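>>> 3D, please:
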Amino acid sequence: MKFPFIVAALLLSPALMADSLSDGQRAIDKTDAAGQATQSKTEKLDDKTQQLLNEYRQIQAEADQLALYNRQMEAIIGNQNDELDSLARQIDEIERTERGILPLMSHMLDSLEQFVALDTPFLPQERTARIALLQDLLLRADVTTSEKFRRVLEAYQVEVDYGRNIEAYRGQQEGVSYDFLRIGRLALYRISNDGQQAWVWHKGLGDWFALDSGYLRDLRKALKVAQQTAAPELLVIPLPTPSSLQQGASS
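As a prediction, this is how the structure comes out:
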């Protein structure tokens, strides 16, 4: 008879079914856990991939900036090399110019010295000393060529200005003190300290000639105007002409 066996089987089936359900639940839980672990790994991989992608983009941007910087530096270095070549050429030109300008300045001073010697003899000590100082300056190694040239040109400018202004100064000739009045380069007068005698320099003959006493009043006024102690006014003063030789005698 089979009934007892069937009944026993039926009696055992709930327990077996419970075990089967427990095994199935555990399998499902295990599968879920595996899925969650896989999902976590996948998310971590996604995060790592995104991080690597961001790092790659940052590195690529830095590489692009570095490439641009290198191109700019190459251009700058190229320009600097061009400037260095230009400076080298300029230095060569300056050296050649200096070799030519030093003799030129020496010749200019020689010409200026001759000019002063032949010019109207006003401020002789001052003008001679200026030229002597410049001649010494040309030999100094601690003064640049440009400064030497500037000083030589300045001396020429001073001589040019003498022809554009009037000047009064006191000086000595042969141990005697006089007041001198210069009207540009047109005329040079010598007046005694007491204002009672006056002479005019005649450049053509290279000598002083006494003036008529009738000019003394205007000469004294002109002297004060040049000294800026009197207001400018129209004055009549003699010029060194050939006719003046007939009016006075050499002192």
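
>>> check which element follows the top helix by length along the chain along the chain.
When the chain is parsed with DSSP state H, its longest helix is helix 3-118. Using DSSP states H and E, the next helix or strand after helix 3-118 towards the C-terminus is helix 124-138.

>>> following that next one, which helix or strand comes up?
Past helix 124-138, further along toward the C-terminus, the next helix or strand under DSSP H and E is helix 145-162.

>>> which residues sit against that next one?
With C-beta atoms under 8 Å, 6 or more residues apart in numbering as the contact definition, helix 145-162 has outside contacts at 98, 101-102, 105, 108-109, 112, 115-116, 122, 127, 130-131, 134, 137-138, 182, 184-185. In short, each C-beta sits where N, CA and C put it, glycine included.

>>> can I assume Ala210 is in contact with Trp199?
Yes. Contact criterion C-beta atoms under 8 Å: Ala210 and Trp199 qualify, at 5.4 Å.

>>> where does the stretch 51-200 of the chain dip in pLDDT?
Residue ranges of the stretch 51-200 of the chain with pLDDT under 70: 91, 94-95.

>>> swap the cut-off to 90 and go again
For the stretch 51-200 of the chain, residues meeting the criterion pLDDT under 90 lie at 51-102, 145-146, 174-175, 186, 194-195.

>>> buried residues, stretch 92-111. List them.
Buried residues in stretch 92-111, counted by 16 or more other C-beta atoms under 10 Å: Ile101, Met105, Met108, Leu109.

>>> nope, stretch 232-241 is what I was after
Of all the residues in stretch 232-241, those buried under the rule 16+ other C-beta under 10 Å are Ile237, Pro238, Pro240.

>>> rewinding a little: report the angle between the longest helix of the chain and helix 124-138.
Angle of helix 3-118 versus helix 124-138, following axes from the mean of the first three to the mean of the last three C-alpha atoms, to 10 degrees, is 140 degrees.

>>> got the angle between helix 3-118 and helix 145-162?
40 degrees.

>>> distance between helix 3-118 and the chain's centre?
The chain centre lies 42 Å from the centre of helix 3-118; the measure is C-alpha atoms, centre = their mean, to the nearest Å.

>>> a markdown table for the buried residues of stretch 92-111, including distance to Asp64?
Shown next, in a markdown table, are the buried residues of stretch 92-111 (distance: C-beta to C-beta, whole Å):
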| residue | distance to Asp64 |
| --- | --- |
| Ile101 | 53 |
| Met105 | 58 |
| Met108 | 62 |
| Leu109 | 65 |
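
>>> list the residues that contact Thr128.
Contacts of Thr128 by C-beta under 8 Å, 6+ apart are Val116.

>>> same deal with Ile191?
Ile191 neighbours (C-beta under 8 Å, 6+ apart): Tyr178, Asp179, Phe180, Leu181, Gln197, Ala198, Trp199, Leu216, Leu219, Arg220, Leu223.

>>> tabulate these in JSON lines, adding columns for secondary structure, distance to Gly78 and neighbour count.
JSON lines is the format used below for the contacts of Ile191 (DSSP: H, G, I helix; E, B strand; the rest coil; distance: C-beta to C-beta, whole Å; neighbours: other C-beta atoms under 10 Å):
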{"residue": "Tyr178", "secondary structure": "strand", "distance to Gly78": "71", "neighbour count": "19"}
{"residue": "Asp179", "secondary structure": "strand", "distance to Gly78": "70", "neighbour count": "20"}
{"residue": "Phe180", "secondary structure": "strand", "distance to Gly78": "65", "neighbour count": "20"}
{"residue": "Leu181", "secondary structure": "strand", "distance to Gly78": "67", "neighbour count": "26"}
{"residue": "Gln197", "secondary structure": "coil", "distance to Gly78": "79", "neighbour count": "15"}
{"residue": "Ala198", "secondary structure": "strand", "distance to Gly78": "75", "neighbour count": "27"}
{"residue": "Trp199", "secondary structure": "strand", "distance to Gly78": "73", "neighbour count": "19"}
{"residue": "Leu216", "secondary structure": "helix", "distance to Gly78": "78", "neighbour count": "16"}
{"residue": "Leu219", "secondary structure": "helix", "distance to Gly78": "73", "neighbour count": "22"}
{"residue": "Arg220", "secondary structure": "helix", "distance to Gly78": "75", "neighbour count": "17"}
{"residue": "Leu223", "secondary structure": "helix", "distance to Gly78": "69", "neighbour count": "20"}
